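J.: requesting a structural model of the entry that follows:
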Amino acid sequence: MLRILDAGCGDGINLIWLEKTCTRLQLTFELTGMDYNTLRLERASANVPKARIVATALDATPFPAGAFDLVLCNHVLEHIQDDVSALKELRRIMVPESLLILGVPNEGCLMAGLRNNILQRSILKTTDHVQRYNKKRLTVSLHQAALQPIAMHTSGFFVPHLRLAQWLGRYQLGRRLTTSLGKIMPGQAAELTVICTPQR
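T.: Here you go, the predicted model:
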């Protein structure tokens, strides 16, 4: 049985996708979603009734060591002050041969700095992001938590103004443009996705 955890599942959007994918692949699986926000967990439970839903913080979960074969943590880590402790906890609950798929915004890049410090300084007053990752910064945190990156992917382009990013995203030509810019300048991508495994 494949034991899968969505760490920071929110409303369960990723759990829906995981359930459909595992079912389509005819896998035997068990889904668990966890989050600290009980209102969002109620929605997740309604969206994916077969999943086990647990209210817990990421840095101190109730799960035993080696509880999961696959962990997804998508757009969660940037909200956590002590990211290394959270990553160490994820490592603890993973089996040695398991995979962690981690997604974060690339807010440590030049384009994000341009947005946050010059073009849209108001974002710094409203965001709850406490980490500003780029590829190097994320890799350092992973190594400190004894997690070994085996693949890292970038996607999109970090458009340095939210309204412009939304406008471009509405049109196929705009989406093609940002995809192309992200491929030309991967250091200025909007998203970082890393696949890693526990170090031995």
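J.: find the centremost residue of this protein, please.
T.: N74 (1.9 Å; C-alpha atoms, centre = their mean).
J.: contacting residues around that one?
T.: N74 makes contacts with 6, 8, 14, 101-103, as judged by C-beta atoms under 8 Å, 6 or more residues apart in numbering. C-beta coordinates here come from the backbone N, C-alpha and C atoms, glycine included.
J.: how far away is it from L173?
T.: Separation of N74 from L173 (C-beta to C-beta, to the nearest Å): 27 Å.
J.: again, but for K20
T.: As for K20, its distance to L173 is 30 Å (criterion: C-beta to C-beta).
J.: now do the lengthiest strand in the chain: distance to the chain's middle.
T.: The longest strand of the chain (DSSP state E) is strand 94-105. The chain centroid and the centroid of strand 94-105 are separated by 10 Å, computed with C-alpha atoms, centre = their mean, to the nearest Å.
J.: and that strand, which residues are buried?
T.: Buried positions in strand 94-105, judged by neighbour count with 16 or more other C-beta atoms under 10 Å: 94, 98-100, 102-105.
J.: and the worst-scoring helix or strand of the chain on mean pLDDT, what's buried?
T.: Using mean pLDDT, DSSP states H and E, the weakest-scoring helix or strand in the chain turns out to be helix 123-126, at a mean of 85. Residues of helix 123-126 classed as buried: I123 (neighbour count, 16+ other C-beta under 10 Å).
J.: out of K20 and L173, which sits in the busier spot?
T.: Between K20 and L173, K20 has the larger neighbour count (other C-beta atoms under 10 Å), namely 11 against 7.
J.: hang on, that one in a helix?
T.: Yes: applying DSSP: H, G, I helix; E, B strand; the rest coil, one finds K20 inside a helix.
J.: find the nearest non-adjacent residue to R91, please.
T.: Using C-beta to C-beta, 6 or more residues apart in numbering and skipping residues adjacent in sequence, the residue nearest R91 is P198, 5.1 Å away.
J.: what about D11, distance to A44?
T.: In terms of C-beta to C-beta, D11 sits 6 Å off from A44.
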